[in-house]
Each structure stands twice: as C-alpha cells, then as structure tokens.
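*Asks:* need coordinates for the below:
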Amino acid sequence: MDICDFFWPRVCINCGLFGREICLECQDLLPKVNPVLCPLCKRPTSAWQLCKNCQRSFSPIKQFFTLGDFQNPLLKKAIFAFKFSHQRGVIETLAEYLASKLKEGRAEFDFIIPVPITKKDFFERGYNQSAVLARTLSRFTEKEVLEKVLLKVRETLPQRTLSRRERLRNVAGAFSLKDPQKFIAKRILVVDDVVTTGATLKEIASLFKKAGAKRIIATAVAREF
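*Replies:* Numbers count the residues shown, from 1 in each chain. Purely as a prediction, here's the structure:
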C-alpha cells in the first residue's frame, strides 16, 4: 500500500467505496460510447470516425475521442472532482479510459498538446486541468506531452454562453504557436476537458495545420451537447 493511500485513502466519488476513485461497479454508470456514431453529432458513421458533415465543420481535425455526454451524472461528477477539487486519482482514472478509447480507435499521434489557459486563469485556479489530463494520458500512451508550445495570448468569454458564430469569433486569434517548424509532418493529439461546439479545438488545429502538421486529432473527457 502506498503511504498516501494510508493517510488519504482512495474513495469512489459516487458510492464512497474504498479502493479507487471510480469503483468497478460504478464504472457501469459511465456512458457507453458507440464507435459507429459520430462523437460530435451522434449520426451513424464509420467506426471511430467523424461523420461527413462534422468532418467539414470540424476540419482540420480528423478524429475526435470522448468518454461521452457531459450530462451523464457520474461523468459530470468526475469532471467537477478533477477540475475544481484537483482530485488526481480521478484524473488518472479518466485518462486511463481515454487511453483505451484511443487504442480501440487506432489513433496515431507523435505529440500530446493540452489546450492552454491564460496566466490569469492559471494563477486563480493553480493549475491547468487539460495539462494535468494530458500528462497523465502521456503515461498511458507513452507519447510526449508538450505544454509550452501552445499559448493562450488573450482572454476569452466562456464558450457555453455564446452562439456558434460568437464562439468562433471568441477564440479567433486567441492562441499562438511557438516553434511551429517542430510540427512539420507530425501527428498531433489536442487534449481538452469538455468540448461544446469544438470552436476552440478547431482554432488550435488550424494553427498546427498551418505549421505543416501531417494529422491532427483531438480528445476530451466529455462532449456537452
């Protein structure tokens, strides 16, 4: 037993059972992802692929992996636990699940890039939840995570309060890429916690595409429909 487990025992966030943050029984309460439904709009598509409509609107992102709908009670509870309470065990559990989805979907990538936050947000929260998720995901996938190449250069409004057109304008020019030549002919995985319309991911993916990246895919713990 780890000494930390002795003083701070791991407890299921849903039922309180000791052992792990989401116990084996409660895992069944997480969403069941259907690989032949588009992860963005839920229309039928090829396995682990975006449908044709979302391929056009989400371009240049080629694939998107998620654990399911944000409205799932246990998934929402897990996201709040790591996003606002920084429960590292929950992050590890969710990253492990995401890694298994990436493996099932045969996702190919060279670098993991977390969606950045501004310095103001970092100082207020103390950490970037997407970066913590990316680091943990890196351990499961054995791929390098790069945290300082993508910067958020200006504040943006919360996406969920805006229309689709406003969301696109809100994130336009909000990010900057350092050392773009590093990504020529490389495959990129962009990591976020929760995705709404995908405007942020699309803006970030466009930067890597302009830099010459070969392929850009994305993942998030949940999709908020």
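*Asks:* neighbours around residue 88, how many?
*Replies:* Residue 88 sits with 14 neighbouring residues when counted by other Cβ atoms under 10 Å. C-beta here means a position set from N, CA and C on the backbone, and glycine is covered the same way.
*Asks:* same question for the one 5 residues further on.
*Replies:* Applying other Cβ under 10 Å, we find 23 residues neighbouring residue 93.
*Asks:* again with residue 108
*Replies:* A count of nearby residues for residue 108, using other Cβ under 10 Å, gives 14.
*Asks:* where exactly do the helices run in the chain?
*Replies:* 3-7, 24-27, 52-57, 73-84, 88-104, 119-125, 129-141, 164-171, 199-210 (DSSP state H).
*Asks:* do you know which of the ones you listed lies nearest residue 190?
*Replies:* Nearest to residue 190 among the helices of the chain is helix 199-210; the distance by Cβ to Cβ comes to 5.5 Å.
*Asks:* touching, residue 36 and residue 47? I think so.
*Replies:* Yes. Between residue 36 and residue 47 there is a contact at 5.4 Å, judged by Cβ atoms under 8 Å.
*Asks:* if you skip the residues just before and after it, what's nearest to residue 168?
*Replies:* Leaving aside its sequence neighbours, residue 168 sits nearest to residue 199 (Cβ to Cβ, 6 or more residues apart in numbering; 5.1 Å).
*Asks:* pretty sure that neighbour sits against residue 175.
*Replies:* No. The criterion here is Cβ under 8 Å, and residue 199 misses it with residue 175 at 11.6 Å.
*Asks:* mind listing what the residue nearest to residue 168 touches?
*Replies:* Each residue near residue 199 by Cβ atoms under 8 Å, 6 or more residues apart in numbering is listed here: 159, 164, 167-168, 170-171.
*Asks:* by neighbour count, which of the residues you listed wins?
*Replies:* For the contacts of residue 199, neighbours were counted using other Cβ under 10 Å, and residue 167 has the most, 23 neighbours in all.
*Asks:* quick check: pLDDT value at that one.
*Replies:* What the model reports as pLDDT for residue 167 is 83.
*Asks:* where's it relative to residue 196, distance?
*Replies:* When distance is defined by Cβ to Cβ, to the nearest Å, residue 167 is 7 Å away from residue 196.
*Asks:* what does residue 67 give?
*Replies:* Counting by Cβ to Cβ, the gap from residue 67 to residue 196 is 15 Å.
*Asks:* okay, these two: which has more neighbours?
*Replies:* Using other Cβ under 10 Å, the more surrounded residue of residue 67 and residue 196 is residue 67, with 24 against 20.
*Asks:* pretty sure that one sits against residue 94.
*Replies:* Yes. At 6.8 Å, residue 67 counts as touching residue 94 under the criterion of Cβ under 8 Å.
*Asks:* so what sits against both of those two?
*Replies:* Common contact partners of residue 67 and residue 94 (Cβ under 8 Å, 6+ apart): residue 221.
*Asks:* tell me the contacts of residue 182?
*Replies:* Residues counted as contacts of residue 182 (Cβ under 8 Å, 6+ apart) are 149, 211.
*Asks:* having no further points to raise, I will conclude here.
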